[in-house]
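A.B. asks: Test case, fold it:
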Amino acid sequence: MIFDNLKILFHQGKQYIPDVTTVEVPGIFRGRPVISREPVDGEQLAALCPTGALTASPVTIDLGKCTFCGECAHRFPEKVRFTKDYHLSTNVRERLVIREGEDRPVEVDPTQVRREVHRLLGRSLKLRQVSAAGDNSAEWELNAANNVQFDMSRFGIEFVASTRHADGVVITGPISENMAEPLQICYEAVPEPKIVVLAGTDAISGGIYAGSPALNRNFTERYTPDLYIAGNPPHPLTVINGLLDLTRKKG
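C.D. replies: Numbering: from 1, shown residues only. Here you go, the predicted model:
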């Protein structure tokens, strides 16, 4: 048994990530995009996007709508490139808009975080995940955030089965008509103070389903989300760093 374990360690290396805030993502990963000032046909560029995340003049990319398909960077590599920066979470919706000629990180604005979030949830955060018609991709990544590699629970952040034991809800999926009421019931069952987190493009904007009559996104209009976690789906490192910044980053 011990030799089998040593063989796995030799071939795979260490699975545990000591510092999830600075580790580099290996392999192919599309993180925060950067848009150069190189002149291109903006209308042709914007027409590539299936969700309307791209605007033409000036060129911008809304990460709340972006599917991270990479087609814009493939067709216009001199204009758009995707970095490996997985820090893609913020509490200010406008900060998800990447603008031409700017190369700045997506960050949480600590001045906009409610005081009770830091005071009461900074050391222990229990969340109820609600799949509101999600495709299971974002849901898998949320589960992965607590596996042996990422180990989100070391920071006191965990997903719980009971809404009554939660400090907030993490919503994945575009929120269908059939899930609108269950989501509302779940939210109301969470004791105060509570937070709302939108995880993934579908949850933030509806994604490729935006505008569909099958959706009911009134919940996102009634309540201001405390955190937007961009990605399609969001990487576990994006999830963890976003929640840490929300609950522990102070200005």
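A.B. asks: Residue 7 belongs to a helix?
C.D. replies: Yes. Counting by DSSP: H, G, I helix; E, B strand; the rest coil, residue 7 is located in a helix.
A.B. asks: what about it, how many neighbours?
C.D. replies: A total of 10 residues lie near residue 7 under the criterion other C-beta atoms under 10 Å. Glycine gets a C-beta too; all of them are placed from N, C-alpha and C.
A.B. asks: Next one: it from residue 1, what distance?
C.D. replies: Per C-beta to C-beta, to the nearest Å, residue 7 is found 11 Å from residue 1.
A.B. asks: can you count the residues close to residue 196?
C.D. replies: So residue 196, with other C-beta under 10 Å, has 18 neighbours.
A.B. asks: just checking, it touches residue 167?
C.D. replies: No. Using C-beta atoms under 8 Å, residue 196 is not in contact with residue 167; the gap is 10.9 Å.
A.B. asks: Counting neighbours, what do you get for the closest residue to residue 210 other than its chain neighbours?
C.D. replies: Residue nearest to residue 210 in three dimensions, not counting chain neighbours: residue 51, with 6.6 Å by C-beta to C-beta, 6 or more residues apart in numbering. Neighbourhood size, residue 51 [other C-beta under 10 Å]: 19.
A.B. asks: Same question for residue 24.
C.D. replies: As a burial measure, residue 24 scores 9 neighbours (other C-beta under 10 Å).
A.B. asks: Surely it is in contact with residue 83?
C.D. replies: No. Look at residue 24 against residue 83 with C-beta under 8 Å: they stay out of range, at 10.9 Å.
A.B. asks: Where does pLDDT dip in the chain?
C.D. replies: Along the chain, segments meeting pLDDT under 70 span 9, 11-14, 251.
A.B. asks: list the contacts for the residue nearest to residue 210?
C.D. replies: Residue 51 makes contacts with 65, 66, 67, 201, 205, 207, 208, 210, as judged by C-beta atoms under 8 Å, 6 or more residues apart in numbering.
A.B. asks: Residues contacting the top strand by length along the chain, please?
C.D. replies: Secondary structure of the chain per DSSP state E: the longest strand is strand 125-131. The contact list for strand 125-131 (C-beta under 8 Å, 6+ apart) reads 139, 142, 156-163, 165-173, 179, 182-183, 186, 190, 197, 243, 247.
A.B. asks: Name the next helix or strand following that strand along the chain.
C.D. replies: Once the chain leaves strand 125-131, the next helix or strand it forms, by DSSP states H and E, is helix 137-144.
A.B. asks: which helices and strands does whichever helix or strand comes after that next one pack with?
C.D. replies: Per DSSP H and E, the first helix or strand lying C-terminal to helix 137-144 is strand 157-159. Here strand 157-159 touches strand 125-131, helix 236-248, going by 3 or more C-beta pairs under 8 Å, 6 or more residues apart in numbering; DSSP states H and E.
A.B. asks: Mean neighbour count, these: which tops it?
C.D. replies: helix 236-248 (a mean of 24; mean count of other C-beta atoms under 10 Å).
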